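**Student:** just need the structure, nothing else, for what follows:
(2 chains)
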There are 2 protein chains.
Amino acid sequence: MKVLVLGAAAGGGFPQWNSNAAACRRARAGDAGAQSRTQVGLAVSADGERWVLLNASPDLRRQIELTPCLHPHTDLRSSPIAAVVLTGSDVDVIAGLLNLRERQPLRIYAAKKVLDILDANPIFEVLARDVVRRDSIPLNSPVALTDAGGACLGLTVELFSVPGKIPLYLEDAHGAPAIVSDENTVGAMLSDGERRFFFIPGCAEMPPELAQRLRGAELVFFDGTLWRDDEMIRAGLGLKTGRRMGHMSVSGDGGTLRAFADLEVERKVLLHINNSNPILLNDSAERREVERAGWEVAADGMEIAW
Amino acid sequence: MKVLVLGAAAGGGFPQWNSNAAACRRARAGDAGAQSRTQVGLAVSADGERWVLLNASPDLRRQIELTPCLHPHTDLRSSPIAAVVLTGSDVDVIAGLLNLRERQPLRIYAAKKVLDILDANPIFEVLARDVVRRDSIPLNSPVALTDAGGACLGLTVELFSVPGKIPLYLEDAHGAPAIVSDENTVGAMLSDGERRFFFIPGCAEMPPELAQRLRGAELVFFDGTLWRDDEMIRAGLGLKTGRRMGHMSVSGDGGTLRAFADLEVERKVLLHINNSNPILLNDSAERREVERAGWEVAADGMEIAW
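**Tutor:** Prediction:
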C-alpha cells in the first residue's frame, strides 16, 4: 500500500490568503523553515496504478498537477484517480470535487449525511451522476472500494464516527453547535488486506472507544489543527477556540500528545495543521516537542509505502 | 487603472486534470511553448492598493499566492481584495469564492440570477453574510464599486447580457439549453472614470448591439475558448461543439476574428482558452494567425497598466 500526502494544512492552507501573521509571511517569502502546505488530502493505492483520494480539498487541481502518478497516461481522457472517500462536508473536504468534472468516471464514497449535503448543493451536479456514482457507506462496516465500472481497487475502507460538529456553513447564527459523534465527522480506516492505517483529520476529543480502536495501529494520520485551544484568540487571529471549531489541541491535558501516549501506535503523523500552529515551523520548540513525543508533522509530498 | 490576468484558461485549466492530449502533456513537461494556465480571473485596481476580482475561479488560492499585490500587508488579518464581480455562475466563475472564507470583509457584485444560484447552494454560506455582502446589480447601468465598508474603490462596473447558456450543472438531461441573452451570462465594462475596458469571458455569438457596444473600445478581453466549433469532437476529447457549450469559436465565418475585424478595438486579448485550442501553443500556426489579426493571447501574470 502506498500513501501520498497531497496536502497537510487545515482549511485555508498555509499561508492562508488573508493572514499576515509572521509564519504566513515566512511561508510566502519561501523560508525553508516554513514550508507552504495545501489543504488536507491523501492519495492511496494498493497497486501503484489506481488511486483513491481521501478528501478533496479546494487545492486538488494543484495537488494533482504536482503528483505525476495522478496524471492521465492512457487514453486521451483518463485519470488514475478511481474513487474519492470523504470524511466530512466542510469546504476543505468537499470543494475539490468541483475539480473532478469533465465527465470522468469516478466513484464517491461517504456517509449518507455527507452525500445529503452534496445533494443539497446543485453545483456538485457538475459531476454528472451517469458517470460519477455517489455511494453512501454505513459506519463501522468495511466496504471494498471499486472504480466507477465496478472493478476492485484492492482496498477496503471502514468509516467510524468521531467527535465533531456540523460544517461551518450549516451553523446558524445562534450559539455554538454541539460536539457530537455522528456521520458529520468520521475517521477512515483503509486496508489492503495486509496493512491498514487510520485517517482522522478532524476530531474534537478522544473518547475511550476511539482510543481502543486506534490502540496498536501501524499508522495514524491525526488532527493537528491547533497547538493550544485558545491559540487563535491569543494571536489575535480569531475569536474561536479549537474546540469551538471541532478540534482537540495537540498540547495540553486533553490534547493529542497525551491522548496517544499509551496507545502504542507505531507511526503517528499530524496533519490538518492550521497556519497558526507553531509545529508548522521546522525551528519551533513545539515542533521539537511533538517529535520528541514520537510524532511526525505531515508535509505536502510526503510518501509512505509499506 | 491596472489589470492583472490571474488566469487565462477555460474551465479545467491548462493542463486539464484528465486530459492526456499532446498539448497538456507538453504543459506538464514544462515545455516553454506550452505555458500552463489557471482558470480565468482578472484583478483590477484604480489605486494599485485595493483590488477588485473579476470572477473567482477554482484556482483562486494559487492565483493569490502568485500575485504579491494581493497578499495581506496591513493587519494580522487583511486583504487588498475588496470586491468580486461575477459574470456568470459556472463552476469556473464562482467556485473560487470558497477560497475567500475566514470572515474577511468583502463585497460580491453580480446579476440577480447569479446571486440566486449562490443562494441556492448552502456551501457559499461559508462567506458569512454579516461580513461578505452580496449585491445584485442591474444590467446596463454603471455601478460605483465599494468595499464592504462602503468606501469607494474608484471603479465603476456595468454589466450587460451577452448570448450564452445556463451553467452546465443546471442543465437537465434532455437536449441542449437555448442560447439566450439574459442575466446568466454577462459581460462587464470596468471604468476608472478616464479609461475603460471590457471583460467578456463567455459569448456564444456577436449580435449587432454587442458589436456596437464594443466598437472603438480601448481594450477588450474576449472569449477565446475554441479555435473551431467542432474542435473537441475532431480531437476525440468530447461530444460537444463550442456553440453547445455557449462559446463562439475564434476562427471561421461566425468566429471572433471576423466579428472584430471592423470594430476598431485598440487592444484585443483572447482569454478563457480551452486546453484543446492550439492558440495556447506559442509555435502553432493558429497562434500566428490570431497575432496577425491583431490579437494577443492572454497568459497568467500578464499586466496591463494605462
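
**Student:** C-alpha only now, for contacts and for neighbours.
**Tutor:** Noted.

**Student:** name the helix or strand of chain A that has the lowest mean pLDDT.
**Tutor:** helix A:231-234 (a mean of 92; mean pLDDT, DSSP states H and E).

**Student:** centre of the chain to that helix, how far?
**Tutor:** On the basis of C-alpha atoms, centre = their mean, to the nearest Å, helix A:231-234 sits 23 Å off its chain's mean C-alpha point.

**Student:** do stretch A:84-94 as well
**Tutor:** Relative to its chain's centre, stretch A:84-94 lies at 8 Å (C-alpha atoms, centre = their mean).

**Student:** give the buried residues for that stretch.
**Tutor:** A:Val84, A:Val85, A:Leu86, A:Thr87, A:Gly88, A:Ser89, A:Asp90, A:Val91, A:Asp92, A:Val93, A:Ile94 (16 or more other C-alpha atoms under 10 Å in any protein chain shown).

**Student:** just the CA coordinates of the next helix or strand after the least confident helix or strand of chain A, formatted as PDB?
**Tutor:** Sequence order places helix A:256-260 as the next helix or strand after helix A:231-234, per DSSP states H and E. Output in PDB follows, covering the C-alpha atoms of helix A:256-260 (Å, rounded to 0.1, in the frame of the first residue of the first chain):
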ATOM      1  CA  THR A 256      -3.500  14.700  21.300                       C
ATOM      2  CA  LEU A 257       0.100  14.000  22.600                       C
ATOM      3  CA  ARG A 258      -1.300  12.900  25.900                       C
ATOM      4  CA  ALA A 259      -4.200  11.000  24.400                       C
ATOM      5  CA  PHE A 260      -1.900   8.900  22.300                       C
END
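
**Student:** average pLDDT across helix A:256-260?
**Tutor:** Summarised as a single mean, pLDDT over helix A:256-260 is 98.

**Student:** the helix or strand just after that helix: which residues count as buried?
**Tutor:** Later in the chain than helix A:256-260, the nearest helix or strand by DSSP H and E is strand A:267-271. The neighbour-count check on strand A:267-271 (16+ other C-alpha under 10 Å) flags A:Lys268, A:Val269, A:Leu270, A:Leu271 as buried.

**Student:** can I get those in CSV with pLDDT?
**Tutor:** What follows is the buried residues of strand A:267-271, written out as CSV (pLDDT from 0 to 100):
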residue, pLDDT
A:Lys268, 98
A:Val269, 98
A:Leu270, 98
A:Leu271, 98
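
**Student:** so who does A:Arg267 touch?
**Tutor:** Applying C-alpha atoms under 8 Å, 6 or more residues apart in numbering or on different chains, we find A:Arg267 in contact with A:Ala217, A:Glu218, A:Leu219, A:Val220, A:Gly294, A:Trp295.

**Student:** narrow these to those that are buried.
**Tutor:** A:Ala217, A:Leu219, A:Val220, A:Gly294, A:Trp295.

**Student:** in strands, which of those fall?
**Tutor:** A:Leu219, A:Val220, A:Trp295 (DSSP state E).

**Student:** save those as TSV, and put in pLDDT and distance to chain B too.
**Tutor:** Output for these, formatted as TSV (pLDDT from 0 to 100; distance: C-alpha to the nearest C-alpha, whole Å):
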residue	pLDDT	distance to chain B
A:Leu219	98	30
A:Val220	98	28
A:Trp295	98	29
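
**Student:** what sits closest to the residue in the stretch 151-300 of chain A that chain B sits nearest to if chain neighbours are left out?
**Tutor:** Of all residues in the stretch 151-300 of chain A, A:Tyr169 sits closest to chain B, at 4.4 Å by C-alpha to the nearest C-alpha. Leaving aside its chain neighbours, A:Tyr169 sits nearest to B:Val126 (4.4 Å; criterion: C-alpha to C-alpha, 6 or more residues apart in numbering or on different chains).

**Student:** follow-up on the earlier one: now, which of the buried residues of stretch A:84-94 lie close to chain B?
**Tutor:** A:Val91 (C-alpha under 8 Å from any C-alpha of the partner chain).

**Student:** of all the buried residues of stretch A:84-94, which comes closest to A:Pro142?
**Tutor:** The shortest approach to A:Pro142 among these belongs to A:Val85, at 12.9 Å (C-alpha to C-alpha).

**Student:** state the pLDDT value of the closest one.
**Tutor:** 98.

**Student:** what's the answer for A:Ser36, then?
**Tutor:** 98.

**Student:** ok, now A:Pro207?
**Tutor:** Per-residue pLDDT puts A:Pro207 at 96.

**Student:** residues of the stretch 51-200 of chain A that sit close to chain B?
**Tutor:** Those residues of the stretch 51-200 of chain A that sit near chain B, judged by C-alpha under 8 Å from any C-alpha, are A:58-59, A:61-62, A:64-65, A:71-79, A:91, A:95, A:98-102, A:104, A:120-127, A:168-170.

**Student:** buried subset of these?
**Tutor:** Here, 16+ other C-alpha under 10 Å leaves A:58-59, A:61-62, A:64, A:71-73, A:76-79, A:91, A:95, A:98-102, A:104, A:121-127, A:168-170 buried among these.

**Student:** inside helices: which ones of the residues you listed?
**Tutor:** Here DSSP state H is the test, and these give A:Arg61, A:Arg62, A:Ile64, A:Val91 as lying in helices.

**Student:** so the nearest residue to A:Asp192 once chain neighbours are set aside, which state does it fall into?
**Tutor:** Nearest residue to A:Asp192, sequence neighbours excluded (C-alpha to C-alpha, 6+ apart): A:Leu155, at 4.6 Å. When classified by DSSP: H, G, I helix; E, B strand; the rest coil, A:Leu155 comes out as strand.

**Student:** quick check: pLDDT value at A:Leu155.
**Tutor:** So A:Leu155 comes in at 98 (pLDDT).

**Student:** so what's the residue count around it?
**Tutor:** Residues within reach of A:Leu155, counting by other C-alpha atoms under 10 Å in any protein chain shown, total 23.

**Student:** got the contact list for it?
**Tutor:** A:Ser45, A:Ala46, A:Ala144, A:Leu145, A:Leu190, A:Ser191, A:Asp192, A:Gly193.

**Student:** relative to B:Asp172, how far out is it?
**Tutor:** Distance of A:Leu155 to B:Asp172, computed by C-alpha to C-alpha, to the nearest Å: 35 Å.

**Student:** what about the stretch 201-306 of chain A, any weak spots by pLDDT?
**Tutor:** The model of the stretch 201-306 of chain A has no residue with pLDDT under 70.

**Student:** any residues of it in contact with chain B? List them.
**Tutor:** Residues of the stretch 201-306 of chain A lying near chain B (C-alpha under 8 Å from any C-alpha): A:Gly236, A:Leu237.
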